[in-house]
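Colleague: Pasting the sequence and the predicted model now:
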Amino acid sequence: MTALDTPAAPFAQRLRDATRAEHSDAESKGFITALMGGELGELDYWRLLGQYLPLYNALEEAIETAAARSALAASFQVPRLARAEAIRADLAARFGAAAPVVDGVSLTAPLPATAAYAERIRSASVPALLAHHYLRYLGDLSGGQAIGALVARHYAVPREQLTMWDFSEIDAPKRVKDAYRARLDDITDPAVQEEFLAEAREGYRLAGALFAALDPR
């Protein structure tokens, strides 16, 4: 078999490899590294979660709308992965039923970086929307339990306030992730793949911008 005959890597692998640098850059932002390392305060975690709410609201509304008109979008709509309801429950458990306000500032009022991120999601084409779906939900499934454990350890946040990271309702997260990657590999249209890849890179950039905006230092 010559180099020209070598089959292309499955799309899930190609996606992971092609966005490795952007992924690493977003995760190495000072805020998220310090937060997960226990170097910040409990309120900084809640500021992050408050900004996640408009993002997940945008994502879950957008995927529901797209699924009604696109078989590709519908194939990725997995209700068990939705996180907005869990975020609202965590915020209510910590701050009460009212919208969480600290020092006169609503934790869920979108920062400019959050607003730009949410608008990008809402205005995305189906391939671009699925890139954001992939970044958020597969990331949550892969690292969520670790994040929840670190927040509990460093900031004494009780389990009932960490349902954002609780996927216990999913019997076998690995099987869910494997099935998700199999659906990615079913995307064979080169144009769709390239649009997906480009937006995944942009999604990591937007996530990094949000982390930078949240950094209290």
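Modeller: In hand now; what should we look at?

Colleague: For the most centrally placed residue in the chain, which non-adjacent residue is closest in space?
Modeller: Residue closest to the average C-alpha location in the chain (Cα atoms, centre = their mean): Arg136, at 1.9 Å. Among residues not flanking Arg136 along the chain, Leu59 sits closest, at 6.1 Å (Cβ to Cβ, 6 or more residues apart in numbering). Bear in mind the C-beta positions are built from the backbone N, C-alpha and C, glycine included.

Colleague: Also Ile121?
Modeller: Nearest residue to Ile121, sequence neighbours excluded (Cβ to Cβ, 6+ apart): Ala58, at 4.5 Å.

Colleague: for the residue nearest to Arg136, what are its contacts?
Modeller: Ile121, Leu129, His132, His133, Arg136 (Cβ atoms under 8 Å, 6 or more residues apart in numbering).

Colleague: re the thing from before, how close does the residue nearest to the centre of the chain get to Phe95?
Modeller: Distance, Arg136 to Phe95, by Cβ to Cβ, to the nearest Å: 23 Å.

Colleague: Residues in contact with the helix or strand containing His23: which ones?
Modeller: For His23, the host element (DSSP states H and E) is helix 20-27. For helix 20-27, the surrounding residues in contact (Cβ under 8 Å, 6+ apart) are Ile32, Thr33, Ala200, Arg201, Tyr204, Arg205, Ala207, Gly208, Phe211.

Colleague: Show me those that map onto helices.
Modeller: In helices, judged by DSSP state H, the following of those are found: Ile32, Thr33, Ala200, Arg201, Tyr204, Arg205, Ala207, Gly208, Phe211.

Colleague: Correct me if wrong: the first one contacts Phe211.
Modeller: Yes - in this structure Ile32 lies within contact range of Phe211 using Cβ atoms under 8 Å: 4.9 Å.

Colleague: just so I have it, where are all the helices in the chain?
Modeller: In the chain, the helices defined using DSSP H lie at 11-18, 20-27, 30-36, 42-67, 71-76, 84-95, 112-122, 126-133, 139-155, 173-185, 190-214.

Colleague: picking up where we left off before, just the buried members of the ones in helices among the contacts of helix 20-27?
Modeller: Ile32, Ala200, Arg201, Tyr204, Ala207, Gly208, Phe211 (16 or more other Cβ atoms under 10 Å).

Colleague: Surely the second one and Tyr134 touch.
Modeller: Yes - using Cβ under 8 Å, Ala200 makes contact with Tyr134 at a distance of 6.6 Å.

Colleague: which residues of this protein score low on pLDDT?
Modeller: Residues of the chain meeting the criterion pLDDT under 70: 1-7, 28-29.

Colleague: For Gln161, give me its contacts.
Modeller: Asp90, Ala93, Arg94.

Colleague: So what's the residue count around the first one?
Modeller: To tie it back to what came earlier, the one meant is Asp90. Using other Cβ atoms under 10 Å, Asp90 has 25 neighbouring residues.
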